[in-house]
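J.: Predicted model, plus sequence, below.
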Protein chains: 2
Amino acid sequence: MSHDLNPTTIGIGLLGCGTVGGSLVELLDARHDEIQRRTGIDLRIVRVAVRDTSTPRPGVASELLVDDPRAAIDHVDVDLVVETMGGIDGTLELVDAALGAGKPVVTANKALLAAHGPRLHEAAARGGVDLALEASVAAGIPLIRPLRESLVGEDISRVMGILNGTTNYILSQMTEHGAGYADALADAQALGYAEADPTADVGGHDAAAKAAIIATLAFGASVTSSDVHTEGITTITSEDIALAGRLGYAIKLLGIVERGADGRVAARVHPAMVPETHPLATVRDSFNAVFVEGAGVDQLMFYGRGAGGHPTAAMVLGDVIDAAINLRSGTARSVGPLPPADIRPIDELSSAYYVSLDARDEPGVLAAIAQVFGERGVSIRSMEQEGLGDQARLVFITHQATESDLQATLEDLRGLDAVKNIGQMLRVIEA
Amino acid sequence: MSHDLNPTTIGIGLLGCGTVGGSLVELLDARHDEIQRRTGIDLRIVRVAVRDTSTPRPGVASELLVDDPRAAIDHVDVDLVVETMGGIDGTLELVDAALGAGKPVVTANKALLAAHGPRLHEAAARGGVDLALEASVAAGIPLIRPLRESLVGEDISRVMGILNGTTNYILSQMTEHGAGYADALADAQALGYAEADPTADVGGHDAAAKAAIIATLAFGASVTSSDVHTEGITTITSEDIALAGRLGYAIKLLGIVERGADGRVAARVHPAMVPETHPLATVRDSFNAVFVEGAGVDQLMFYGRGAGGHPTAAMVLGDVIDAAINLRSGTARSVGPLPPADIRPIDELSSAYYVSLDARDEPGVLAAIAQVFGERGVSIRSMEQEGLGDQARLVFITHQATESDLQATLEDLRGLDAVKNIGQMLRVIEA
């Protein structure tokens, strides 16, 4: 049963040769023979589309370089296209063209998928080829394939993930070294974890794109970035983190997607209080992790690198091999029909909440505050006073309440004379 | 692109209807329509083979019950066989027969796979059908598919797993509540985690079967249970755990498979000292976790339920759907040729070691002991004395040494007058 005798050659057209593309070339070179031994497939890079063909690319013969991406798709020996160029405009048309030409596409482009996933999945189904996207979410972690395949029969109720390594690095630095947000961000930038303009990471937008992709595959219904309620970590202070720690929680930026008994899907990205005994609380540094809850599997977690050339390229290569095997046998795996998800708005979220506020140190203040919570039907689980006198800060944790009731409570509290300032509101994950 | 209009009916022959089989029936009933919506496949249970057909099985019409397993394989409407009966003798022939008849087999039978995996994979390849085994290792965790597919291009150097929930429960109880081994085992038995005869779990044999399956798939070469060096947890005391904790380690029963630069494969199951900062150290209760290290992916971890009817059935169902999709398209995924692995014997292991021993409280004793380590080329990284006088216990952690040198050191130490007793030897995982 040796595969070596008659290997099937599969030609790859590579779009882009930056960090991920370059790592893929390197990895493919190192693993080519072992892959052929195990699968009988001889993977060859046929064309590499780059902006500047005069820059030498290690491991790529100069005659393979082209500056027209279409040339790397349309070449007669290109059987399969790997898109590592990024971007949405222009890239969408290229991916569409490849799928339309019956060439499977492997991509790590989360922005493209979060904006146009359903259209591209449909194009793949029409072309009868694979659209593979393992590296688009939690790049170095095999998550998409388990979601699409192992768990397709599972009734997934919720997926919660630490989906952005930059913000997890920043929050870890703040937690472990007491660093302020600005210092931790500067540190992340110096290490190359954060961009000069860190908005996509710290504003939660990168995580929101990944949450949309996860929701689409977990629930078999189309969810796009614009369906995801998104908050970032820019308002989190080292004091918030210290207070959370004293209460037994870590603050993590989570992407959460869930489906209720009514079939509606909710997707949100925001910082949250995670109990220290929860597996997600111990995910440190720039690691990512995705926690899945379902009726059958109970609890699952996938942990690993969320970025980086090598981890991303490793998952891209897994997809390439898979698509190549399917191509050899003339099959493809579509994700099935993707009707638009019925989205539950954030107002209808039911959660426990953490609220910190600065109040005047006067008799009757606590009663007045408690009355506001009570009038809005928000029940207080615990209250602590941190500090004394004019420096006193009140910290509340509520029982389950709806987001709209909680927001109305905050609005009312802002109107109270006794409340000087609302410090922070965070949703609390139950253990 | 709706799948609903022309569903493909796939008939299932179920062998065994115990905890896992019963949960599968239940899960399939609950998820049938959603699976059909997403995949276009109408899964139907055609025959269920049980020992006693007169016992009613919830969710199974009595006319589907047969007492001859061959009847559940050979029935003309059975397209796919799910084996949940367990055992090796007899079961091997049934699985072989199904594969030979071109019917894919889904099984969670780790003992069967660890003993006869290569033969069955070959039978599947010859029959042109799938042999799917997601639930055989870390039952409720999607691990096998990522290993076989996402990571087939990856140069995996090591996989370390907490592969047995019973022993992890026992060790967690000893760690968190200071329980003794016997009490923790009795507790696990009372909860149904451990069998009346707990040998397979506490002796490490269950974990060894799983380690063999992982090694086979991670390295693409056949490894069987008999290749796995196996030690259990029966000699671990609460004192060992307390001492390890003071040094910053947790004691876990690990299955470890690795491949060296020379291509040789080593597989072993034994209790080990895991640094408290390592993700495996925080895996508590009866949860399982598998930690994968590779050149591209760096570090990955998969975490979840290692046993239980529902988690196991969820993974079996994922395999059933996958095999059904492949059957519809007339394809199958073989694991490729499986030459026997070249096994590195345990004697050649290079590891750091923890050694505790009771020595006489006399001048010159430490020098004599240190000299024995030195003569065998085992370098001491740290030494601590716990307790005083005749109750004193010496605890050593070594630098990297070979197993044979360490064993020779222990043998020499036993011969020293100054050494009253060797307490414990444990391999130490580096952070």
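T.: Ah, there it is. Just so you know, these numbers come straight off a predicted model, no measurement behind them.

J.: The most far-flung residue of chain A relative to its centre and residue A:418, how far apart?
T.: Farthest-out residue of chain A from its mean C-alpha position, per Cα atoms, centre = their mean: residue A:363, at 46.9 Å. Applying Cβ to Cβ, to the nearest Å, the value for residue A:363 to residue A:418 is 10 Å. To be clear about C-beta, it is placed using only N, CA and C from the backbone, and glycine gets the same treatment.

J.: ok, now residue A:280?
T.: 36 Å.

J.: neighbour count winner among those two?
T.: residue A:280 (21 against 17; other Cβ atoms under 10 Å in any protein chain shown).

J.: Assumed the more buried one was part of a helix.
T.: Yes - Residue A:280 forms part of a helix when assessed by DSSP: H, G, I helix; E, B strand; the rest coil.

J.: I'd guessed it sits against residue A:302; true?
T.: No - at 11.2 Å, residue A:280 does not count as touching residue A:302 under the criterion of Cβ atoms under 8 Å.

J.: domain parsing for chain A?
T.: A:8-140+A:309-328, A:144-305, A:346-428 (automatic domain parsing).

J.: The longest one close to chain B?
T.: So that's domain A:144-305. Yes - judged by Cβ under 8 Å from any Cβ of the partner chain, domain A:144-305 and chain B are in contact via A:145-146, A:149-155, A:220, A:279, A:282, A:287, A:294-305.

J.: Show the buried residues in those residues.
T.: Among the residues of domain A:144-305 next to chain B, those classed as buried by 16 or more other Cβ atoms under 10 Å in any protein chain shown are A:145-146, A:149-154, A:220, A:279, A:282, A:287, A:294, A:296-305.

J.: What segments of the stretch 251-400 of chain A are strands?
T.: A:265-275, A:287-294, A:298-305, A:350-359, A:380-386, A:393-398 (DSSP state E, counting those that start in this stretch).

J.: Any stretches of the stretch 151-300 of chain A with poor pLDDT?
T.: Nowhere does the stretch 151-300 of chain A drop to pLDDT under 70.

J.: OK, contacts around the residue in the stretch 151-300 of chain A positioned nearest to chain B?
T.: Going by Cβ to the nearest Cβ, chain B is nearest to residue A:296 of the stretch 151-300 of chain A, at 3.0 Å. By Cβ atoms under 8 Å, 6 or more residues apart in numbering or on different chains, residue A:296 lies in contact with A:153-155, B:23, B:27, B:140, B:310-311, B:313-314, B:317.

J.: Buried only: go through the residues you listed for me.
T.: A:153-154, B:23, B:27, B:140, B:310-311, B:313-314, B:317.

J.: Now, those residues that are in helices?
T.: Members of the buried ones among the contacts of residue A:296 lying in helices (criterion: DSSP state H): B:23, B:27, B:310-311, B:313-314, B:317.

J.: quick one: which two of the contacts of residue A:296 are the most distant?
T.: Comparing every pair within the contacts of residue A:296 by Cβ to Cβ identifies A:155 and B:140 as the most remote, at 13.8 Å.

J.: residue ranges of the strands in the stretch 101-250 of chain A, please?
T.: Counting by DSSP E, counting those that start in this stretch, the strands of the stretch 101-250 of chain A are A:105-107, A:131-132, A:156-162, A:229-230, A:249-259.

J.: Could I get those strands in TSV, plus columns for mean neighbour count?
T.: Listed next are these as TSV, based on neighbours: other Cβ atoms under 10 Å in any protein chain shown:
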stretch	mean neighbour count
strand A:105-107	28
strand A:131-132	28
strand A:156-162	23
strand A:229-230	20
strand A:249-259	25
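
J.: Need those strands in CSV (columns: distance to residue B:88).
T.: Below are those laid out as CSV (distance: least, Cβ to Cβ, whole Å):
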stretch, distance to residue B:88
strand A:105-107, 40
strand A:131-132, 37
strand A:156-162, 34
strand A:229-230, 53
strand A:249-259, 41
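
J.: Nearest to residue B:240, out of the ones you listed?
T.: So among the strands of the stretch 101-250 of chain A, strand A:249-259 is nearest, using Cβ to Cβ, at 30.3 Å.

J.: name the helices or strands packed onto that closest one?
T.: strand A:156-162, helix A:165-177, helix A:205-219, helix A:238-246, strand A:265-275 (3 or more Cβ pairs under 8 Å, 6 or more residues apart in numbering or on different chains; DSSP states H and E).

J.: TSV for the buried ones among the contacts of residue A:296, including distance to residue B:388?
T.: TSV is the format used below for the buried ones among the contacts of residue A:296 (distance: Cβ to Cβ, whole Å):
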residue	distance to residue B:388
A:153	61
A:154	57
B:23	55
B:27	59
B:140	48
B:310	52
B:311	49
B:313	55
B:314	54
B:317	59
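
J.: near chain B, which residues of the stretch 1-150 of chain A?
T.: Residues of the stretch 1-150 of chain A lying near chain B (Cβ under 8 Å from any Cβ): A:1-3, A:23, A:27-28, A:30-31, A:34-35, A:37-40, A:122, A:125-126, A:134, A:140-142, A:145-146, A:149-150.

J.: Return the subset of those residues lying in helices.
T.: Members of the residues of the stretch 1-150 of chain A next to chain B lying in helices (criterion: DSSP H): A:23, A:27-28, A:30-31, A:34-35, A:37-39, A:122, A:125-126, A:145.

J.: Can I get the buried part of these as one ChimeraX selection?
T.: In ChimeraX, a selection of the buried entries from these looks like this (16+ other Cβ under 10 Å):
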select /A:23,27,28,31,35,37,38,39,122,125,145
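
J.: now the ones in helices among the residues of the stretch 1-150 of chain A next to chain B in JSON lines, with pLDDT?
T.: Below are those laid out as JSON lines (pLDDT from 0 to 100):
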{"residue": "A:23", "pLDDT": "95"}
{"residue": "A:27", "pLDDT": "94"}
{"residue": "A:28", "pLDDT": "95"}
{"residue": "A:30", "pLDDT": "94"}
{"residue": "A:31", "pLDDT": "93"}
{"residue": "A:34", "pLDDT": "91"}
{"residue": "A:35", "pLDDT": "93"}
{"residue": "A:37", "pLDDT": "89"}
{"residue": "A:38", "pLDDT": "87"}
{"residue": "A:39", "pLDDT": "90"}
{"residue": "A:122", "pLDDT": "94"}
{"residue": "A:125", "pLDDT": "93"}
{"residue": "A:126", "pLDDT": "93"}
{"residue": "A:145", "pLDDT": "89"}
